[in-house]
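In: 3D model of this:
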Amino acid sequence: MSEKKLCPVCGSDKLDSIVQKETINGDLGKDLIIEVPHDKCMDCGFEGDICGENEKIIEKALSTLNEKYIDEVLNFFIEKKINFAGIERAVGLPQRTLTKWKNGISSPTAAGIALLKYLRIFPWLIEVAEQKYDFNISQKIFVSEAVNMLLKSITLNSNDFEKNGYSATAGNFNTTVYANSFSLTQENTLNINFLQQGKS
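Out: Numbering: from 1, shown residues only. Predicted structure coming up:
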C-alpha cells in the first residue's frame, strides 16, 4: 500500500494535481517541451513537487536530448564523408565505438557526448587530433579555418563610403570595416588596408 501524499506545509491531503509545460533548453539549439506535474494544496496554497517525480521526468528529457545530439553529430559526419574509423583513431576511441553509438548498441558517457558536440561545432579539431595536437600545426589549422569562414561570410561593397573605401560586413558580427583596398594573394590570404572600424 502506497503512502498517502500530504502537503509538506500544513499536512493536508486535499491536493490537486496541475500539469505544466516546461521547455528544456538543450545544446546545439535543441529544445524539448515536457509536461511536468505539480501538486497544489487546496488548504494552504502550497505548490510543488511533493514526491520528487519531476526529477525523473527531467532526466528522461535530457536523455532524449542526448540521443538527438548523437544522431545529429554522427549524421553530420556521414554527410561530410568523415570516416568514423579515422575519427576514432584520431581522438583515441576504441574501434567501432561511433558505429555502436549510431546503432544504439552502446551509449556514450557525458564526456563522450561533450566530445561529439565539440567535433560537431569545430570539425577541424579532428585534423588537430590527427596531427597529434602539435601546437604550431594546430594554430595554422585554426587560423586557416577562421580565414576561410571569414571569406565565405564577408560581403564586399564599393559604395560611396568615406575616402572611397570598401565596407566588409561579416555574417552576424554587425561590424563594418572601412579600408582603402581588399586583395587576395595567390595563397588565398586576404590583405586589408584598414581606415577605421566601427559598428554598423
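
In: Domain-wise, how is the protein divided?
Out: 15-129, 136-199 (automatic domain parsing).

In: Rounded mean pLDDT for the longest one, please.
Out: Over the span of domain 15-129, the pLDDT mean works out to 90.

In: Make sure Gln20 is actually in contact with Val36.
Out: Yes - counting by C-beta atoms under 8 Å, Gln20 touches Val36, with 5.4 Å between them. C-beta here means a position set from N, CA and C on the backbone, and glycine is covered the same way.

In: neighbour-wise, which of those two wins?
Out: Between Gln20 and Val36, counting by other C-beta atoms under 10 Å, Val36 is the more crowded of the two (16 against 11).

In: Now do the same contact list for that one.
Out: Counting by C-beta atoms under 8 Å, 6 or more residues apart in numbering, Val36 makes contact with 19-22, 49, 54, 57-58.

In: Show me just the buried residues among these.
Out: Among the contacts of Val36, the ones that count as buried by 16 or more other C-beta atoms under 10 Å are 54, 57.

In: Just put the contacts of Val36 in TSV and tack on secondary structure and distance to Leu116.
Out: Formatted as TSV, these follow (DSSP: H, G, I helix; E, B strand; the rest coil; distance: C-beta to C-beta, whole Å):
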residue	secondary structure	distance to Leu116
Val19	strand	33
Gln20	strand	31
Lys21	strand	29
Glu22	strand	26
Asp49	coil	32
Asn54	helix	28
Ile57	helix	25
Ile58	helix	21
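
In: related to what we said a few turns ago, let me know which of the domains of the chain is tucked in deepest.
Out: domain 15-129 (a mean of 14; mean count of other C-beta atoms under 10 Å).

In: And it, end to end?
Out: End-to-end distance of domain 15-129 (C-alpha to C-alpha, to the nearest Å): 57 Å.

In: now it, how far from the chain's geometric center?
Out: How far domain 15-129 lies from its chain's middle: 11 Å, per C-alpha atoms, centre = their mean, to the nearest Å.

In: again with stretch 5-24
Out: Centre-to-centre, stretch 5-24 and its host chain are 35 Å apart (C-alpha atoms, centre = their mean).
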